[in-house]
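[1] below are the sequence and a predicted model for it; my questions follow.
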Amino acid sequence: MTTNLAKRFTQPIYLVKQDMGASFIYSSSRELINYAGNNYLGSLGLAVENINNLAVTWSIDNSDRAVTALALNNAVGGNAVSVYLHYEGETILRFEGVLDEWYTQGQRVVFVATSAGARAQKFPNERAELGVFNHLPPAGTSITWGRQTIHLEAEDI
């Protein structure tokens, strides 16, 4: 992706596709962009503050509190997030991960997402067994985390 200084914009436009449970938010950092059959709205005041291969932080205007209501009424933790770079008709995937947290900051809602690689690095490099971890749930227990349910099974040793 290259820029052309004679063009109207010399930097790519960020596009964020955000799963909010019952619906998606499609936002653009500048103007209305149609990509993959979805309209990414430039009127949401999207600002991508930090982005790398492991995490992304972005915010959306929340002066009418609509984004807060949407986030509070849906389980958004662990939902899918995709961030694209769009320039001169070319769009590339820059980040793909899941929403870790969101919070309000003045008139904006700030979102933080991490990639699968970042999540995998957070688990301790130890074997989960009695004597090391004292609060292990028994085999057969089901744990629900966001939209996923994990069933714990005993390991044959």
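    Okay, I see it.

[2] okay, buried residues for stretch 110-119 please.
    110-115, 118 (16 or more other CB atoms under 10 Å). Where you see a C-beta, it was placed from the backbone N, CA and C, and this is true even at glycine.

[3] distance from the longest strand seen in the chain to the middle of the chain?
    For the chain, the strand reaching the highest residue count under DSSP state E is reported as strand 90-105. Offset of strand 90-105 from its chain centre (CA atoms, centre = their mean, to the nearest Å): 4 Å.

[4] surely residue 145 touches residue 79?
    No. Shown here, residue 145 and residue 79 do not form a contact pair, counting by CB atoms under 8 Å, at 11.9 Å.

[5] who has more neighbours, those two?
    residue 79 (17 against 9; other CB atoms under 10 Å).

[6] ok, now which ones touch the more buried one?
    Residues near residue 79 by CB atoms under 8 Å, 6 or more residues apart in numbering: 18-21, 98-99, 146-147.

[7] swap in residue 27?
    15-16, 18, 40-42, 44, 46, 60.

[8] in stretch 60-80, what's buried?
    Buried-residue list, stretch 60-80, by 16+ other CB under 10 Å: 60-62, 67, 70-71, 76, 79.

[9] and the least confident of these?
    Lowest in pLDDT among these is residue 76, which has 75.
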